[in-house]
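Visitor: sequence and predicted structure below; questions after.
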Amino acid sequence: MRVLVTVGICVLALLVLLSAVFFRRRLLNSGGGTIRLQVRVSTMVPGRGWSAGIGQFVDDELRFHRFFSFAVRPKRVLDRRAMIVCRRRLPEGPERLTMPGHWVVLVCRQAGIDLEIAMAESTVTGFLSWLEAGPPGQPGSVAPRPAITPRPAEN
């Protein structure tokens, strides 16, 4: 009887933990402005080190929250004003096994640090639009044209 009670408590605790993880995920998605993506958190082994999660757009930031985590704070914060997309590539090697076939890897640079993010091809278009829609003066944006002032009338 004692073993049955212990097993029951363990199963109940496991269900509570899983419910907390999925409730957190549901809460993040309910705010709107979220995308599914993966961020490469480790480059020690080629093709490995990807972490799946939810990207949440908040003002000029893309906040990355891991899927299976209890943390309330994001794992990474990507600032639109400091980010430049260097190139785009398809998943290669072991990456093809961890990502869906229609995903694209973006190699980005933020504050002199290289990072890789992966997302669906259809999401890349929206992400790049968000990145380019920032205020003037950002990396990669075009400087505003000087205002044209009228000449004074000649008598």
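Guide: Good, I have the coordinates. Residues are numbered from 1 along each chain as shown.

Visitor: contact partners of stretch 51-63?
Guide: Applying Cβ atoms under 8 Å, 6 or more residues apart in numbering, the external contacts of stretch 51-63 come out as 25, 28-29, 31, 33-41, 64-67, 74-81, 119, 127, 130, 134. (C-beta placed from N, C-alpha, C; glycine too.)

Visitor: for stretch 89-103, same thing?
Guide: Stretch 89-103 has contacts (Cβ under 8 Å, 6+ apart) with 38, 46-48, 50, 104-105, 107, 118-122.

Visitor: distance from that stretch to the middle of the chain?
Guide: Put simply, stretch 89-103 sits 17 Å off its chain's centre (Cα atoms, centre = their mean, to the nearest Å).

Visitor: now do the buried residues in it.
Guide: If you call a residue buried by 16 or more other Cβ atoms under 10 Å, then stretch 89-103 has these buried ones: 91, 95, 99, 103.

Visitor: among those residues, which lie within strands?
Guide: Within these, residues falling in strands by DSSP state E are Trp103.

Visitor: in helices only, show me the buried residues of stretch 89-103.
Guide: The helices, defined by DSSP state H, take in Glu95 from these.

Visitor: if anything else comes up later, I'll come back, but that's it for now.
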